[in-house]
Structures are given as C-alpha cells and as structure tokens.
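> quick one: sequence and predicted model below, then my questions.
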Amino acid sequence: MFQEDEKRFSYEDHKTTADWLLSKTHHRPLIAIICGSGLGALADSLKDQVSFKYSEIPNFPQSTVHGHAGCLIFGNLNGKPCVCMKGRFHFYEGYPIWKVTFPIRIFHLLGVETIIVTNAAGGLNQEYKVGDIMVIKDHLNLPGFAGNNPLVGPNDERFGTRFPSMSDAYNADLRKLACTVGKELGFSDFIREGVYCVLSGPSFETIAECRMLNCLGADAVGMSTVHEVIVARHCGLRVIGLSLITNKSVMEYDSSEKPNHEEVLETGKWRAEQFQTFVSTLVGRIELNNNF
Ligand SMILES: O=P(O)(O)O[C@H]1O[C@H](CO)[C@@H](O)[C@H]1O
C-alpha cells in the first residue's frame with residue numbers, strides 16, 4: 001500500500017516551488033480552488049490569467065487522468081485573487097500520498113487562506129440525483145483506517161502540529177454561506193449537504209461496498225479530496241468542499257447500471273455553467289483576512 005521509495009519533499013523543497021511561482025507572477029492569491037474531474041472549465045473563468053503547466057513547475061507531479069488538464073492558473077475570480085489547479089493528483093495514479101497533497105502546502109506558502117476543493121462523486125444517498133451539488137459537511141477517510149494518512153511520517157512544525165483536529169475540517173461559516181448562495185441563485189433544488197467518503201480507487205465500488213458505505217453514513221463516494229483537506233487543515237487553511245454527484249452509486253443486484261469515467265465527465269459538462277456560477281458567486285462573498 002505504501003509507496004515510500006521516493007524521498008519526501010522537505011520544507012525547503014516546498015519553499016523552492018513557492019518562491020519560483022512568486023517570482024514568475026504578480027498574483028498573490030488568497031483563495032485556492034482544486035477542480036475535480038470534468039470541472040476544469042471553472043479555471044477558465046479567471047480574469048487576468050497567468051498559467052503554468054505542471055511540467056514546468058519545480059517539484060510538481062504530473063496529471064495523468066483524462067479530465068485533469070495539468071495547469072496551475074493564477075487570476076481573479078469575481079474580484080478575488082485566486083489560484084486554480086486544473087487537474088489534481090490521485091493516489092491511484094501511483095503517487096505516494098504526500099506527493100498527491102504537495103500543492104496544498106505550496107498554496108499555504110503562497111499566502112492562500114481559504115481552499116475550495118471540488119470533486120466528482122458517486123451518489124450513495126438514495127435521495128440524491130445526478131447533477132446535485134453536495135456541500136461537504138464531513139468525511140470518512142477509509143484509507144486512513146489502514147494507516148494511509150498524508151501526515152504519516154516526520155512532522156515539520158513549520159507546517160502544523162503533530163495531531164491536528166479534524167472535527168472542524170469543513171468550515172461551518174463557509175458551509176452556511178454556500179447554502180445561502182445556493183438559495184439566492186435559485187439552486188436549492190440541487191444543493192445538498194452531506195458526508196464524502198474517499199476510497200483509493202481506481203476500481204469503482206462493488207454493490208456490497210456501496211451498501212456498506214451508505215450504512216456507515218456516507219452520502220457520496222470518490223477517490224480524492226480527503227487527503228488534500230487533511231493537509232490543508234494541518235497548515236491552517238480554511239476549507240470548503242463541493243462534490244458534484246456525477247452518477248448514482250449502484251446499490252441493487254438487478255441493476256444493469258455501471259459507473260464509468262465517461263459519465264462522470266459528461267455530468268461535469270452538463271452542470272458546468274451552474275457549477276461555475278455557484279463557485280464564482282461563493283468566491284465573491286468569501287471574506288478574506290478575517291482571522292478565522
Ligand atoms: O475526485 P475527482 O478528481 O473529481 O475524480 C473522480 O472521478 C474519477 C472517477 O471517474 C476519480 O478520480 C474520482 O475521484
């Protein structure tokens with residue numbers, strides 16, 4: 001399970017990447033956004049863009065999944081200075097978990113205060129429909145139960161404490177704001193609040209696994225986000241998570257439905273405009289430098 005043959009990045013390695021980026025752009029982002037599968041169009045709405053391919057950024061991993069372009073984009077969204085990952089890294093791509101979460105500490109060193117983590121997810125909650133947007137209330141870190149937590153290993157106090165709390169992982173004020181913004185936009189019919197569960201993937205869940213996860217309290221399931229959130233909270237970032245329900249999890253043995261990545265990307269395209277409006281309006285309303 002652990003892929004620890006590579007040397008971990010030190011604090012200084014992270015500084016090298018952050019300083020390189022700061023020397024190449026005049027932008028000083030306070031909000032970071034991670035685009036989930038098929039949700040990369042979100043990054044295109046940034047104004048005054050400065051963009052870097054992951055391949056040109058020192059120490060950055062590469063995106064290998066269809067629907068994850070592999071660009072870091074700086075710019076303004078609804079008047080707020082942002083940096084946007086158009087493409088994230090997943091454990092199933094073969095990266096050690098500390099590499100999957102590497103960009104989060106870079107955001108921290110760039111001066112980011114708040115992170116918006118988005119993903120595509122399967123809907124376990126039987127009331128959820130394809131196209132619903134779930135504001136993440138909490139998570140289940142199933143790989144973490146087996147010791148796969150991105151904070152395993154030596155702790156560098158310059159990033160954060162050895163034992164960070166996760167009981168407040170998803171900021172309550174931001175969750176409330178997201179629900180208010182959803183109502184104001186007339187999106188109430190498809191805005192939900194629920195629990196996201198991460199699995200390592202890349203295989204989708206079996207029917208028995210979906211049933212089990214739902215019994216455990218998960219409303220949606222995916223293969224990302226949680227590790228990023230743990231590292232973000234460790235270094236003091238404020239977090240809001242949004243899942244686009246791209247497919248219904250298969251819960252019945254007589255169903256002929258099969259989850260697939262094409263459907264995930266298609267739903268992303270179908271909901272793209274409203275998803276962008278939602279995130280952009282939310283960004284416009286986030287208060288910055290407020291000592292949360
Ligand atoms: O979580 P994101 O990156 O949005 O992608 C989700 O979609 C892919 C499966 O279709 C998996 O990578 C899953 O995690």
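Now that the structure is in, tell me what you want to look at. Numbers count the residues shown, from 1 in each chain.
> quick check: G241 is in a helix.
No: G241 is assigned strand when assessed by DSSP: H, G, I helix; E, B strand; the rest coil, not a helix.
> so it sits against I133, correct?
No: with contact defined as CB atoms under 8 Å, G241 and I133 do not form a contacting pair (10.9 Å). All C-beta spots, glycine's among them, are computed from the backbone N, C-alpha and C.
> joint contacts of these two?
Common neighbours of G241 and I133, counting by CB atoms under 8 Å, 6 or more residues apart in numbering, are absent.
> more neighbours, those two?
Ranked by neighbour count (other CB atoms under 10 Å), G241 and I133 place G241 first, with 29 against 21.
> what sits against the more buried one?
Under the criterion of CB under 8 Å, 6+ apart, the neighbours of G241 are 116-119, 135-136, 139, 170, 196, 225, 229.
> next: I104.
Going by CB under 8 Å, 6+ apart, the list of residues near I104 reads 32, 115, 228, 231-232, 235, 237.
> what about the residue sitting furthest away from the middle of the chain, which helix or strand?
With distances taken as CA atoms, centre = their mean, the residue sitting farthest from the centre of the chain turns out to be D254, at 33.0 Å. Secondary structure assignment for D254, by DSSP states H and E: no helix or strand.
> tell me the contacts of it?
D254 sits in contact with no residue, where contact means CB under 8 Å, 6+ apart.
> what is the neighbour count of L39?
Here the count is done by other CB under 10 Å, and L39 has 28 residues near it.
> contacting residues around it?
With contacts defined as CB under 8 Å, 6+ apart, L39 is in contact with 118-120, 244, 268, 272, 275.
> what residues does the stretch 1-150 of the chain have near the ligand?
Taking CB under 6 Å from any ligand atom as the measure of proximity, the stretch 1-150 of the chain contacts the ligand at 36-37, 65, 88, 90, 119-120.
> returning to that earlier point: so how far is I207 from the residue farthest from the centre of the chain?
With the distance defined as CB to CB, to the nearest Å, D254 ends up 10 Å from I207.
> my guess is S55 contacts G70, does it?
Yes: shown here, S55 and G70 form a contact pair, counting by CB under 8 Å, at 7.2 Å.
> which of these two has more residues huddled nearby?
When neighbours are counted by other CB under 10 Å, S55 and G70 differ, and G70 comes out ahead with 20 against 11.
> now do the more buried one, the pLDDT please.
The predicted structure scores G70 at 91 on the pLDDT scale.
> now do the same contact list for it.
Residues counted as contacts of G70 (CB under 8 Å, 6+ apart) are 53-55, 62-63, 86-87.
> list just the nearest of those residues to Y11.
Distances from Y11 to these, taken as CB to CB, are shortest for Y54 (21.0 Å).
> who touches that closest one in this structure?
If you count contacts by CB under 8 Å, 6+ apart, Y54 has them with 60-63, 70-72, 87.
> M251 in helix, strand or coil?
Three states are possible here, and by three-state DSSP the one that applies to M251 is coil.
> so what's it closest to, chain neighbours aside?
If you skip the residues right next to it in sequence, M251 has C210 as its closest partner in space, 5.2 Å away by CB to CB, 6 or more residues apart in numbering.
> the helix or strand hosting that neighbour: which residues count as buried?
Secondary-structure element containing C210, defined by DSSP H and E: helix 207-215. The neighbour-count criterion (16 or more other CB atoms under 10 Å) identifies 209-211, 213-214 as the buried residues of helix 207-215.
> go on, stretch 172-185?
If you call a residue buried by 16+ other CB under 10 Å, then stretch 172-185 has these buried ones: 174-175, 177-179, 181-182.
> picking up where we left off before, so for the residue farthest from the centre of the chain, what's the pLDDT?
Note on D254: pLDDT of 92.
> which residue ranges of the stretch 51-200 of the chain form strands?
71-77, 80-86, 114-123, 133-141, 191-198 (DSSP state E, counting those that start in this stretch).
> I'd like to know which elements the last one is packed against.
If contacts are counted by 3 or more CB pairs under 8 Å, 6 or more residues apart in numbering; DSSP states H and E, strand 191-198 sits against strand 133-141, helix 142-145, helix 172-184, strand 220-222, helix 226-234, strand 238-248.
> check whether the fourth one comes near the ligand.
What it means is strand 220-222. Yes: residues of strand 220-222 contacting the ligand under CB under 6 Å from any ligand atom: G222.
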